[in-house]
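1. I would like to see how this sequence folds:
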Amino acid sequence: MNYPYFNFKYQDRGRVKGQAILELAIFGSIVIMLLGVLLNYGLRYGYQQQMMQYAFRKALASAVGNSPNPTSHLVARDRHIPNPNDAFGVGSVIPFYSSATVMRSNRLDETADDAPEDMPKTRIDVASNDLDRSVNNFTMADFCYNAEVGVANPGKSYCFASGQNLKKCKRRYEEVYGANNFWRINEERDVLDWETGQLLVDRENIKTNEPPFQRFLQWLHDNLPKRHPDEGIFKKTQPPFIVEIVDYCNGQILDYESAVRQCRLIVDDNFCLQSCERGGSGECDKACSQRIPVPWYCQNRNPKDGSFPELKKLFFPQRTREEAFRGEKAPIWQMGLQAGESKQSIIINNQLDKNEDSENITTEDKFNWNVQTNRKVFYKNDDHTRGEQDVPTDVKQERTRDWQTPW
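-> Numbers count the residues shown, from 1 in each chain. Below is the predicted model:
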């Protein structure tokens with residue numbers, strides 16, 4: 001029988017409820033995912049901004065003192081970013097880095113007077129929180145002393161073979177070390193005029209017992225000839241021409257590429273000429289034809305490949321087969337904190353216990369996880385060997401939560 005005025009539509013109530021639950025599950029998971037993305041981005045942005053401000057404040061505090069040189073502060077923090085999709089909210093531990101350099105502008109015209117207090121410094125601050133941290137101080141430069149004895153070395157065409165070459169010699173030092181990073185001194189470390197040798201600055205309070213200067217004086221005493229033959233008559237030599245240099249490749253933290261470039265400027269006249277001509281300084285052929293003493297890290301250059309063995313031993317140490325297999329003594333290009341060489345070990349032992357009785361349901365959540373990150377800091381020792389220090393950090397959570405509800 002047909003009823004044209006009535007239209008009956010049958011709906012299965014159970015099927016409608018199942019569709020609603022399915023939609024809630026799908027869209028709910030999307031909402032939770034979006035919440036996790038927003039939480040992750042917000043925490044990352046907030047932590048990074050906090051790190052930038054913290055590094056600048058630390059560098060500002062480190063620059064307070066009598067040193068006119070810049071002070072750098074590198075800060076590394078390991079932070080936990082929760083994951084809403086995890087039942088216990090355990091996410092990942094992410095490292096955040098920031099650095100800042102501060103130098104007082106009212107002392108830009110001053111130079112270093114003594115080591116190591118006046119040397120440029122960098123401070124490496126690594127921690128999992130502000131209460132448990134490891135702070136290491138390293139120098140970015142050190143004094144270097146070069147001496148020539150003029151006519152006492154008649155067989156060598158060094159800068160100081162005659163007073164006429166002093167200006168050319170000064171230009172070579174400027175090309176290698178920079179115009180404001182060297183000066184002429186005497187054995188009491190008083191500053192002298194470059195050409196005349198007259199006293200310019202009497203350093204009455206300067207320390208002459210610093211290890212670098214004492215080592216240099218010992219070398220000078222052992223190697224400086226006391227006499228030289230002149231027409232059959234032995235005469236005393238003139239006082240040594242001593243140059244005190246702030247060498248940025250002689251500190252505890254140095255860069256391989258910068259050190260190689262500086263060595264090439266010292267030992268390779270053609271490279272010095274090309275660099276000088278690019279800078280447009282003028283009289284490059286006369287300046288780069290002069291010889292200046294070679295520091296320790298530039299000596300014994302390999303004529304085949306042009307490498308410098310002392311730098312290779314410092315940055316590319318020889319490894320045994322077992323050390324290479326374990327990843328030890330890996331080559332590096334720059335001293336300091338090796339962020340790319342960090343290793344993480346993760347231990348997660350979270351537990352959920354549920355107890356039911358006739359009256360209540362009780363749950364106990366035990367959070368027990370630990371993420372340990374191990375980093376290395378490489379630096380140069382006083383004996384020109386590579387030193388390394390492990391800097392471990394721990395981010396962990398140990399907590400218990402109880403929840404109880406009646407039936």
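
2. tell me where the protein has helices.
-> 13-62, 166-177, 211-223, 256-267, 269-279, 284-288, 309-315, 321-326 (DSSP state H).

3. what mean pLDDT does the third one get?
-> This means helix 211-223. Helix 211-223 shows a mean pLDDT of 72.

4. quick one: it to chain centroid distance?
-> 30 Å (Cα atoms, centre = their mean, to the nearest Å).

5. list the helices and strands it packs on?
-> Helix 211-223 sits against strand 142-148, with contacts defined as 3 or more Cβ pairs under 8 Å, 6 or more residues apart in numbering; DSSP states H and E. (Glycine included, C-beta is placed from N, CA and C.)

6. same thing with the fourth one?
-> With contacts defined as 3+ Cβ pairs under 8 Å, 6+ apart, helix 256-267 has these neighbours: helix 166-177, helix 269-279, helix 309-315.

7. between helix 256-267 and the first one, find me the angle.
-> Calculated by axes from the mean of the first three to the mean of the last three Cα atoms, to 10 degrees, helix 166-177 forms an angle of 160 degrees with helix 256-267.

8. Phe271 - how many residues pack around it?
-> Around Phe271 there are 16 other residues, counting by other Cβ atoms under 10 Å.

9. swap in Ile245?
-> Using other Cβ under 10 Å, the number of residues around Ile245 comes to 22.

10. wait, it touches Phe143, no?
-> Yes: with contact defined as Cβ atoms under 8 Å, Ile245 and Phe143 form a contacting pair (6.8 Å).

11. ok so, going back, any chance of the helices of the chain in JSON lines, plus distance to Ser358?
-> JSON lines is the format used below for the helices of the chain (distance: least, Cβ to Cβ, whole Å):
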{"stretch": "helix 13-62", "distance to Ser358": "31"}
{"stretch": "helix 166-177", "distance to Ser358": "86"}
{"stretch": "helix 211-223", "distance to Ser358": "80"}
{"stretch": "helix 256-267", "distance to Ser358": "73"}
{"stretch": "helix 269-279", "distance to Ser358": "88"}
{"stretch": "helix 284-288", "distance to Ser358": "96"}
{"stretch": "helix 309-315", "distance to Ser358": "72"}
{"stretch": "helix 321-326", "distance to Ser358": "59"}
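
12. closest to Ala76 out of those helices?
-> The closest approach between Ala76 and any of these, judged by Cβ to Cβ, belongs to helix 13-62 at 8.6 Å.
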